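A.B. asks: Provide a 3D model corresponding to the input given below.
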Amino acid sequence: MVAALCYALGFVTAIFVLYTEDRDRYIRFNAYQSLYATGSLFLLNIIGGYILAKLISAQIVDLLSIAIWLLIIGICVVGFVNSYQGKIIELPIVGKIAERKTSGI
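C.D. replies: Next up, the predicted model:
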């Protein structure tokens, strides 16, 4: 259940879980994966939106922002469901990073 909570509010709950859980490799893997995936997309949305707003149309920036938020929500739902069922799903790029981060435990 704790691994599933890592995805409940994205990087916010992942940070909380990382500070409270220090032994269970499965939980920490899901926390790192949620943190890296949702956190990087959130930063991309904020920073990219600010930069692109200066260069291109506001409507295009809004559409990109909506697409990124839908991706974040999709990652949270898929991660929540799979980790609640005890399955390990490794997301592209961030899954390998999370695996390396937890391999030392």
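A.B. asks: in terms of contact, does Val2 touch Glu21 like I think?
C.D. replies: Yes. Assessed by CB atoms under 8 Å, Val2 is found in contact with Glu21 at 6.6 Å. Placement of C-beta: from N, CA and C, glycine included.
A.B. asks: what's the average pLDDT for the longest helix belonging to the chain?
C.D. replies: Identified as the longest helix of the chain according to DSSP state H is helix 25-55. Across helix 25-55, pLDDT averages out at 91.
A.B. asks: so the helix or strand immediately after it in the chain versus helix 25-55, what angle?
C.D. replies: Using DSSP states H and E, the helix or strand that follows helix 25-55 in sequence is helix 58-84. Orientation note: helix 58-84 sits at an angle of 180 degrees relative to helix 25-55 (axes from the mean of the first three to the mean of the last three CA atoms, to 10 degrees).
A.B. asks: Toward the C-terminus, what is the element adjacent to helix 58-84?
C.D. replies: Criterion used, DSSP H and E; the element after helix 58-84 is helix 94-102.
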